[in-house]
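Colleague: Fold the following for me, if possible:
(2 chains)
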Amino acid sequence: MLLVQHIRDHYDQVLLGLKKRNLVHADAALQQVLALDELRKSSQTQRDQLQAEANTISKEIGILMKEGKTVEATAVRDRSAVLKSQIKELEEQHEQAEEELKTLLYTLPNVPHEAVPAGKSAEDNEVVLTHGEIPTLPEGKLPHWELIKKYDIIDFDLGVKIAGAGFPVYKGKGARLQRALINFFLDQALAAGYLEVQPPILVNEDSGYGTGQLPDKEGQMYYATEDKLYLIPTAEVPITNLYRDVLVNVSDLPIKNVGYTPCFRREAGSWGAHVRGLNRLHQFDKVEIVQITHPDHSYEALEQMNSYVQGLLQQLELPYRVLRLCGGDMGFTSAMTYDMEVYSAAQERWLEVSSVSNFETYQANRLKLRFKGEDKKSQLAHTLNGSALALPRIVASILENNQGPDGIRMPKVLHSYLGFDRI
RNA sequence: AGAGAGUUGGGUGAGUGGCUGAAACCAACAGUUUGCUAAACUGUCGUACGGGUUAUACUGUACCGGGGGUUCGAAUCCCCCACUCUCUGCCA
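Modeller: Residues are numbered from 1 along each chain as shown, chains lettered A, B, ... in the order given. A predicted model of the protein is given here:
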């Protein structure tokens, strides 16, 4: 959530940023934010003054009663009644202004960093770099949804029986590949100084608001109505919310957490052509890294996470490219996002396998995640996260890129985790 | 799931209608004393949103799990909800 103070102090910059996201009514919305904030403040000032008077009167009544001056006490009590109704009126005005302000702020996305390119869609994303050789596959190459049948390692039909479309069943070497990747990713993160956590995969409403899934993406999460809990779409939600309403010491920064969780996405309305096989699922596995940093160092951390994820892809011997997302393609809460895409040689297309973002104070403001600095004043920290990595498309590209006449070669780095080197 | 007990400041914990933003102790911070450490003593020590100031100072309001109510006045009385603990039940 944007800070009103920041909007007031850097109006033009905020406006420009929101326009980069192609937000049509940015100017009107920001003007309304400021107007509502003025109303909020003026009604509070008036209310506080009247309340102060009422408090004084109450004390007087107490003293008069004690002295037995009931007649005088009754007289003062009348004044109190008048104040009470005025206070109530101002109170309602104040609450309404506050409520409207909050609702409006929830509709405003984060302001993109100045380095974020303008643009409307994925077409306008900036390719930062491309790495690795795109393999040339022999005649008769198969897309992964054929390969998994051929080698009987993932069964979609069984998943349909158990749950529905988009819930694959991993079998045999397929299941072991999943487990190997998860362990490899966790071990790598540990070596890079991340603390492993295992959070709940159902979260409450407050957590959904904390990281910005609510109210923006209400329909994209599975919801257990009986208990009012959401299935997490990403470990970002529970892990970042570990630090909701937390005041950390500046010396504890940066905080680095990693967690493996399954992720659940309803993907309402997004099924169609390019989503066969593992390309889009309702349930998938992901290892997520989260950092909480001092505002001065969040972009260093973003670059660090960027190259960390690239390191994973290099070890997995996958050709990839890094994109800097344009304003139009970036997530609601992000200030800057890098996407990593691997090349899937049988589908002959790039697949997004990671998204690394800096949210600056946008989430921290909702979370009330602050740190106490050297000046002993508390201020909002910056939050970041990134996939490191999401499994299905990694599996898809490993299968496709490494297929050959004598099976599918596994990346060397996984051999010890797998216990086999070929499927 | 049933019955009971509870939720107070960084921690322990007092407080059943006005003198309580909240005792006491601990922790923390600053200072005095001490050769150092320790101890002792003195002081400071919550958050949010306003007003005010160049910035301080100063000042108002709210906050004792959350929300609502009674009252001139609520941490304290009433109602609803959440959570924690104990016992019983069920269960990986």
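
Colleague: State whether A:Pro117 is indeed within a helix.
Modeller: No: when classified by DSSP: H, G, I helix; E, B strand; the rest coil, A:Pro117 is found to be coil rather than part of a helix.

Colleague: burial count for it?
Modeller: A count of nearby residues for A:Pro117, using other CB atoms under 10 Å, gives 16. (C-beta placed from N, C-alpha, C; glycine too.)

Colleague: Would you confirm that it contacts A:Asp124?
Modeller: Yes: judged on CB atoms under 8 Å, A:Pro117 makes contact with A:Asp124 at a distance of 6.5 Å.

Colleague: which residues of the stretch 101-250 of chain A fall in strands?
Modeller: Taking DSSP state E, counting those that start in this stretch as the criterion, the stretch 101-250 of chain A carries its strands at A:126-131, A:154-155, A:169-170, A:195-196, A:202-203, A:223-224, A:229-231, A:247-249.

Colleague: quick check, distance from the third one to the centre of its chain.
Modeller: Distance of strand A:169-170 from its chain centroid, counting by CA atoms, centre = their mean, to the nearest Å, is 27 Å.

Colleague: That one packs against which elements?
Modeller: strand A:154-155, helix A:156-162 (3 or more CB pairs under 8 Å, 6 or more residues apart in numbering; DSSP states H and E).

Colleague: Could you list the paired strands of it along with their orientation?
Modeller: Neighbouring strands of strand A:169-170 in its sheet, by DSSP bridges, are strand A:154-155 (antiparallel).

Colleague: Out of the helices and strands packed on strand A:169-170, which gets nearest to A:Ile394?
Modeller: Between A:Ile394 and those, the shortest gap by CB to CB is with strand A:154-155, which sits at 13.3 Å.

Colleague: in chain A, what spans have low per-residue confidence?
Modeller: A:269-274, A:373-376 (pLDDT under 70).

Colleague: So it: which segments form each domain?
Modeller: What automatic domain parsing lists as the domains of chain A is A:4-106, A:122-418.

Colleague: so which of the ones you listed is the most packed in?
Modeller: domain A:122-418 (a mean of 18; mean count of other CB atoms under 10 Å).

Colleague: quick one: is that domain near RNA strand B?
Modeller: Yes: among the residues of domain A:122-418, A:370, A:378 lie within reach of RNA strand B under CB under 7 Å from any atom of the strand.

Colleague: Could you tell me the end-to-end distance of that domain?
Modeller: Domain A:122-418 has an end-to-end distance of 36 Å (criterion: CA to CA, to the nearest Å).

Colleague: Dihedrals phi and psi, the closest residue to RNA strand B within the stretch 251-400 of chain A?
Modeller: Per CB to the nearest atom of the strand, the residue of the stretch 251-400 of chain A with the smallest distance to RNA strand B is A:Ser378, at 5.0 Å. For A:Ser378, the backbone dihedrals (degrees, to the nearest 10) come out as phi -90, psi 140.

Colleague: Correct me if wrong: it contacts A:Arg370.
Modeller: Yes: at 4.3 Å, A:Ser378 counts as touching A:Arg370 under the criterion of CB under 8 Å.

Colleague: Which residues are in contact with each of those two?
Modeller: A:Leu247 (CB atoms under 8 Å, 6 or more residues apart in numbering).

Colleague: ok so, going back, which residues do A:Pro117 and A:Asp124 both contact?
Modeller: With CB under 8 Å, 6+ apart as the test, A:Pro117 and A:Asp124 both reach A:Cys326.

Colleague: Longest helix in chain A, by number of residues?
Modeller: Using DSSP state H, we find that the single longest helix of chain A is helix A:26-66.

Colleague: any idea how far that helix is from the chain center?
Modeller: The answer for helix A:26-66 is 36 Å, by CA atoms, centre = their mean.

Colleague: That helix and RNA strand B in contact?
Modeller: Yes: using CB under 7 Å from any atom of the strand, helix A:26-66 reaches RNA strand B at A:37, A:40-41, A:44-45, A:47-49, A:51-52, A:54-55, A:57-59, A:61-62, A:65.

Colleague: Against which helices or strands is that helix packed?
Modeller: In terms of contacts (3+ CB pairs under 8 Å, 6+ apart), helix A:26-66 is packed against helix A:4-9, helix A:11-20, helix A:70-106.

Colleague: re the thing from before, Serialize the helices and strands packed on strand A:169-170 to TSV and add fields for distance to A:Leu108.
Modeller: Below are the helices and strands packed on strand A:169-170 laid out as TSV (distance: least, CB to CB, whole Å):
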stretch	distance to A:Leu108
strand A:154-155	41
helix A:156-162	39
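
Colleague: Of all the ones you listed, which one is nearest A:Ser298?
Modeller: Smallest distance to A:Ser298 across those (CB to CB): 38.1 Å, for strand A:154-155.

Colleague: Contacts for that closest one next, please.
Modeller: With CB under 8 Å, 6+ apart as the test, strand A:154-155 has contacts from A:148, A:168-171, A:174, A:278.

Colleague: can you rerun that using 7 Å?
Modeller: Strand A:154-155 is contacted by residues A:148, A:168-171, A:174 when judged by CB atoms under 7 Å, 6 or more residues apart in numbering.

Colleague: Stretch A:389-405 too?
Modeller: Here stretch A:389-405 makes contact (CB under 7 Å, 6+ apart) with A:135, A:137, A:141-144, A:147, A:177-178, A:181, A:185, A:277-279, A:281, A:284-287, A:309, A:312, A:316, A:318, A:342-347, A:351-354, A:408-409, A:411.
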